[in-house]
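Enquirer: Kindly return the folded structure for what I paste below:
(2 chains)
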Amino acid sequence: MTTPVRTRFAPSPTGLPHVGNIRTALFAWLFARHHGGSFIVRIEDTDVARKVEGAVDAILGSLRWLGLDWDEGPEVGGKYGPYFQSQRLDLYHRAAERLVRQGNAYYCYCSPQRLDEMRKEQTRRKMPPGYDRLCRNLSEAERRQKEAEGITPVVRFKTPLIGQTRFKDFIWGNVVFENNLLDDLVLLKSDGYPTYHLANIVDDHEMEITHVIRAEEWLSSTPRHVLLYDAMGYAPPRFAHLPMILGPDRSKLSKRHGAVSVAEYREQGFLPEAMLNFLALLGWSLDDKTELFTREELIKSFSLERVSKTGAIFNIEKLKWMNGVYIRGLTADEFAWRSIPFLERDLPPDVARPLPVEYVREVMPLVQERVKTLLEVTPLTRYFFAENLDYDANLLISKGMDGESTVRALEMSQKRLTELKTFDAGVLEALLRPLAEELGLKTGQLFGTLRTAVTGETATPPLFQTMAVLGRERCLTRIQEAIDRLKRSS
RNA sequence: GGCGCAUUCGUCUAGAGGCUUAGGACACUUCCCUCUCAAGGAAGAGAUCACCGGUUCGAAUCCGGUAUGCGCUACCA
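Expert: Residues are numbered from 1 along each chain as shown, chains lettered A, B, ... in the order given. As a prediction, the model looks like this:
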């Protein structure tokens, strides 16, 4: 009987969730779901100074947007709660006290200033920086003396001076560290909050986390955690350190690389399913060809064994391509539905809101295969909504034509269009193709002129469909405007 | 400075000693389709598998060294 898998995502609420954090969450979630286990969200709010208002909501919102549901954590509770570390302070205090009692930890009265100077001196002398263990062997009398001075101590771990600490990582294999390279880390800060190290091992044990899946930057501190588990008499969980996500310059992805929070990608019109798929491929792959996965396929095929060790650069171009693939895969209704918020937000203010839904549904199929993000929908469909077009009259004149012949073509088109009984794409094509020949023009010449007249753009969806959706009245008005524009400019 | 880890087309990656004249995808180029733009189809260019040695009949794959890069080295996570 194997114990059920329990993984956790333990973000600290210090800002908007970064794609790297969310990728970590995704892998932990995938692993749990793949094994039919539980996925837990735990908020590591032990740094009062860096805490950012609203960050928890932003994190939860991003998880929800991607469909990363959690079995235990904020808002849903669970039997291992509370899931905010700031509400579990007693637990950490008890653990710290116990370690002190057992002789595995001690009170340290060194001031931040002393520590700072010590480190500066160490780096100046090219020595490895680390706590010099001044307080490690304080006598009872010395301790009382410091207490009497009113110094609030921190609790430090008494790291073994000799020996090695080893652990097995799912991704990195056997990892060995020399204990004498580790200094005596702080467990409990003087403000009463635990450090990450303490809180993390206490909670992972209390919450019965079986697999700690986190970013590579934690690899170096894992031996400390293993030592802490030992001192507490806990069996350590299994570890998996994920490769990092890099910026184009190969350094850890950060704000200076541009958009990094998933909320920004959402704003920019990326679909959650595309984001999920793309993120999954950053550091993981199934084989040498499959790269489009549904959420279910991801759950089914995910495994830690196939996670790579090397950091991956976040390639936005590929994300865009993938987003385009997902957009094209949407039903027309879904696409329209998802585009509406962007149209409502970005269309010029003089366009009446709310937008007529039926009309939007006619317009959207025309651009569905032409956009890579929902953000691109508005600029490509502006002329379907805005009354006035703004373009250079010269754009009306096709190659091999002049102002005069263009006006003639426009006037002829106008006349024929007026006579039309119905106004759909088929009828328009049947009318316009022969008309080009009649005017002695290539279809491209006539269609180009009409396209500009009717949309103000030189690149649009197919002309006949575009005109059909625009409707006869609007087309005729715009053709008239084009003629006026040409006459004015000549 | 110390410790750790990594290094396959510009990018994401496949590859776990012979199947590899190193495969796929994005981006790029050309062509086809075509009323423009896309989408789609086809083709192409692009990697002496960081470098140097070694093991082996045979190495991108194993070993050692070098270089480069990254991470950690806080009363931050």
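
Enquirer: switch to C-alpha atoms for all contacts and neighbour counts from now on
Expert: Fine.

Enquirer: Which phi and psi values does residue A:423 adopt?
Expert: The phi/psi pair for residue A:423 (degrees, to the nearest 10) reads phi -130, psi 60.

Enquirer: my read: it touches residue A:473, true?
Expert: No: between residue A:423 and residue A:473 there is no contact under C-alpha atoms under 8 Å: 10.1 Å.

Enquirer: ok, those two, which is more surrounded?
Expert: Neighbour totals were compared for residue A:423 and residue A:473, and residue A:423 leads with 18 against 11 (other C-alpha atoms under 10 Å).

Enquirer: and the nearest residue to the more buried one once chain neighbours are set aside, how many residues sit next to it?
Expert: Spatial nearest neighbour of residue A:423, chain neighbours left out: residue A:468 (5.9 Å); criterion: C-alpha to C-alpha, 6 or more residues apart in numbering. Look at residue A:468: counted by other C-alpha under 10 Å, it has 18 neighbours.

Enquirer: in what helix or strand does residue A:468 lie?
Expert: helix A:463-470 (DSSP states H and E).

Enquirer: do the same with residue A:58
Expert: helix A:55-65.

Enquirer: got the CA positions of that helix in PDB?
Expert: Extracted in PDB, the C-alpha atoms of helix A:55-65 (Å, rounded to 0.1, in the frame of the first residue of the first chain):
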ATOM      1  CA  ALA A  55      -1.000  39.300  -4.000                       C
ATOM      2  CA  VAL A  56      -2.800  36.300  -2.600                       C
ATOM      3  CA  ASP A  57      -5.800  37.000  -4.700                       C
ATOM      4  CA  ALA A  58      -3.600  37.500  -7.700                       C
ATOM      5  CA  ILE A  59      -1.900  34.200  -7.200                       C
ATOM      6  CA  LEU A  60      -5.200  32.400  -6.600                       C
ATOM      7  CA  GLY A  61      -6.700  34.100  -9.600                       C
ATOM      8  CA  SER A  62      -3.900  33.000 -11.900                       C
ATOM      9  CA  LEU A  63      -4.200  29.400 -10.700                       C
ATOM     10  CA  ARG A  64      -7.900  29.500 -11.300                       C
ATOM     11  CA  TRP A  65      -7.500  31.100 -14.700                       C
END
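
Enquirer: Tell me which residues of it come out buried.
Expert: A:55-56, A:58-63, A:65 (16 or more other C-alpha atoms under 10 Å).

Enquirer: How many neighbouring residues does the residue in the stretch 1-150 of chain A positioned nearest to RNA strand B have?
Expert: Across the stretch 1-150 of chain A, the shortest distance to RNA strand B (C-alpha to the nearest atom of the strand) belongs to residue A:128, at 3.2 Å. Using other C-alpha under 10 Å, the number of residues around residue A:128 comes to 11.

Enquirer: right, and residue A:151 touches residue A:109 too?
Expert: Yes: counting by C-alpha under 8 Å, residue A:151 does reach residue A:109; the two are 6.5 Å apart.

Enquirer: Number of residues surrounding residue A:205?
Expert: Residues near residue A:205, counting by other C-alpha under 10 Å: 17.

Enquirer: and it, how far is that from residue A:45?
Expert: Using C-alpha to C-alpha, to the nearest Å, one obtains 18 Å as the distance from residue A:205 to residue A:45.

Enquirer: And residue A:219, by the same measure?
Expert: 21 Å.

Enquirer: Can you pick out the residue with more neighbours from those two?
Expert: Under the neighbour definition other C-alpha under 10 Å, residue A:219 and residue A:45 were set side by side, and residue A:45 has more, 23 against 17.

Enquirer: so who does the more buried one touch?
Expert: With contacts defined as C-alpha atoms under 8 Å, 6 or more residues apart in numbering, the neighbours of residue A:45 are A:12-13, A:51, A:84-86.

Enquirer: count of residues packed around residue A:353?
Expert: 11.

Enquirer: How is chain A divided into domains?
Expert: A:6-85+A:245-313, A:88-242, A:330-385, A:393-489 (automatic domain parsing).

Enquirer: Now the host helix or strand of residue A:454: buried residues?
Expert: Per DSSP H and E, residue A:454 falls inside helix A:443-455. Neighbour-count burial for helix A:443-455, counted by 16+ other C-alpha under 10 Å, picks out A:443, A:445-455.

Enquirer: Could you do stretch A:329-343 as well?
Expert: Buried-residue list, stretch A:329-343, by 16+ other C-alpha under 10 Å: A:332, A:335-336, A:339-340, A:342-343.

Enquirer: got a list of contacts for it?
Expert: Residues contacting stretch A:329-343 (C-alpha under 8 Å, 6+ apart): A:269, A:327, A:355, A:360-361, A:364-365, A:368, A:374-375, A:377-378.
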